[in-house]
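Novice: Turn this into a model:
(2 chains)
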Number of protein chains: 2
Amino acid sequence: MTKAIVLSSGGLDSATTMAVAKDHGYELYSLTFDYGQKHRAELRAAEQLAHVNHAVHRLVDVTAISGFMRSALIDSDIAVPDYSGQSGIPVTYVPARNTIFLSVALGYAETLGADVIFMGCNLADYMAYPDCQADYIDAFQAMANLALKRAREGLPVLIQAPLMNLSKQDIIELGMRLKVDYSFTVSCYRSDDQGRACGRCDACTFRKEGFKKAGIADPTRYESCCGKCPLPQPLSRRQ
Amino acid sequence: MTKAIVLSSGGLDSATTMAVAKDHGYELYSLTFDYGQKHRAELRAAEQLAHVNHAVHRLVDVTAISGFMRSALIDSDIAVPDYSGQSGIPVTYVPARNTIFLSVALGYAETLGADVIFMGCNLADYMAYPDCQADYIDAFQAMANLALKRAREGLPVLIQAPLMNLSKQDIIELGMRLKVDYSFTVSCYRSDDQGRACGRCDACTFRKEGFKKAGIADPTRYESCCGKCPLPQPLSRRQ
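Specialist: Purely as a prediction, here's the structure:
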């Protein structure tokens, strides 16, 4: 089996990307980064996502970078705003985040002997983040083809973004066909420790809209839920 | 003053690169990575190098990557070999190392408002490491121009490798003109805790040869030295 690394944030896009990689028959290696993000629940969701997909999971501690990166996803003094429909690059942008993640994945791929790195960039990201756009990924691929020993020797590591041209609706529809369980995935930029979503940030808004347009019941647990529904427990407690 | 980040390993090349950046009048930000390298003395040398150049110094902990990278510079079960004159990519190659370092530097540069990242790649590296070659740096620049918000807005962060075409002899001659004190820099891949060099690895061999060809007394402290010469102390103890 060919090995593939999947960059996983524990969100809806990662879950679908991992399902696509699994459907293609790859041996899965999930790679998640702790970069000091406020929404810690996504780390547990990523662990669970790897578990249900029988992927080897690695959580990489790069919290050191949070000491010198400005972003609403990291800094306690920059609030994550409600969705406003504004265009442009939002305050949730983290400088060079995908470049750092992909670079570490490149090194892991070379050591592991993985031929592919999957990432969940998609149309909603495309509109907001420069490091999710097709020209960026092409440029990263060109750089990666020169960076690695194995690539110089004729064996490149391929960057795959299978959701690139898909809307949230498309992604959810694809995920449903691949039997993805979205109930424990966390997209919210300000989810609480239990993974409950605010329902108002950009990530929540796009996710809600995606389920609505796809005509599929939204399994997301919101802050405003009954408070009695079973919340996912850390794997360490379940095992 | 324009801000510049200098990737600094605490070695001869970093010291010269920092001197070049200083000579150009930049406000200096030194960036050093703890990636779990065996030769820990270089971290102290980098701290001292920043200190003497009045640079703001950051040591970034990315030791997590040492858990899944294979290299003689990291793994205790892969020995750093003596210099043998063999061509090809050596076992001291660390997968994607410069890509990871430059990526973190990109994020730091965007947050800091630094316009330039300096790195010490040179002719000796060029022969051995794919991620020190001119085509790689050009490709990284092209990727960086698409990765960052500021670059998309017309303000790229420039990658500068001023030693790219220089031999060790050239670098030392340049450094002497810029009054670099090489005595506390550490190049050795297996230096001891005090920064004493083995004198036999690739890095030591190229460094020794450089001083010899430049006709300059080699200030490196070798394992075989008298044992009485004053060794540099950590700044924390000196302050």
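
Novice: now check the lengthiest helix in chain A, is it near chain B?
Specialist: If you go by DSSP state H, chain A has its longest helix at helix A:97-112. Yes: interface with chain B: helix A:97-112 contributes A:97-100, A:102-104, A:106-108, A:110-112 (CB under 8 Å from any CB of the partner chain). In this view, the C-beta of every residue, glycine as well, is placed from N, C-alpha and C.

Novice: would you put the C-alpha positions of that helix in CSV?
Specialist: Taking Å, rounded to 0.1, in the frame of the first residue of the first chain, the C-alpha atoms of helix A:97-112 are listed here in CSV:
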residue,chain,number,x,y,z
ARG,A,97,0.5,28.5,8.4
ASN,A,98,0.0,26.1,5.4
THR,A,99,3.6,26.6,4.3
ILE,A,100,4.8,25.6,7.8
PHE,A,101,2.4,22.6,7.9
LEU,A,102,3.3,21.4,4.4
SER,A,103,7.0,21.8,5.0
VAL,A,104,6.9,19.6,8.1
ALA,A,105,4.8,17.2,6.2
LEU,A,106,7.4,17.1,3.4
GLY,A,107,10.1,16.1,5.9
TYR,A,108,7.9,13.5,7.4
ALA,A,109,7.0,12.1,3.9
GLU,A,110,10.6,11.7,3.0
THR,A,111,11.5,9.9,6.2
LEU,A,112,8.3,7.8,6.0
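
Novice: for chain A, which spans come out with low pLDDT?
Specialist: A:225-239 (pLDDT under 70).

Novice: now residue A:141, what's its secondary structure?
Specialist: Per DSSP: H, G, I helix; E, B strand; the rest coil, the local secondary structure of residue A:141 is helix.

Novice: wouldn't it be in contact with residue A:151 here?
Specialist: No: under the criterion of CB atoms under 8 Å, residue A:141 makes no contact with residue A:151, lying 9.8 Å away.

Novice: Can you check which residues contact both of the two?
Specialist: Listed contacts common to residue A:141 and residue A:151 are nil; contacts here mean CB atoms under 8 Å, 6 or more residues apart in numbering or on different chains.

Novice: Helices of chain A, start to end?
Specialist: Applying DSSP H to chain A gives helices spanning A:12-23, A:41-52, A:97-112, A:123-128, A:134-147, A:149-152, A:168-177, A:202-214, A:235-238.

Novice: ok, and what's touching the first one?
Specialist: It stands for helix A:12-23. A:4, A:6-8, A:28, A:30, A:46, A:49-50, A:53, A:55, A:116, A:118-122, A:125, A:160, A:162-163, A:168, A:171-172, A:174-175, A:178-182, A:185, A:187, A:207, A:210.

Novice: hang on, the earlier thing: and the longest helix of chain A, what does it pack against?
Specialist: Here helix A:97-112 touches strand A:3-7, strand A:27-34, strand A:116-118, helix A:134-147, helix B:97-112, helix B:134-147, going by 3 or more CB pairs under 8 Å, 6 or more residues apart in numbering or on different chains; DSSP states H and E.

Novice: looking at chain A, which residue lies furthest from center?
Specialist: What lies farthest from the middle of chain A is residue A:153; by CA atoms, centre = their mean that is 30.5 Å.
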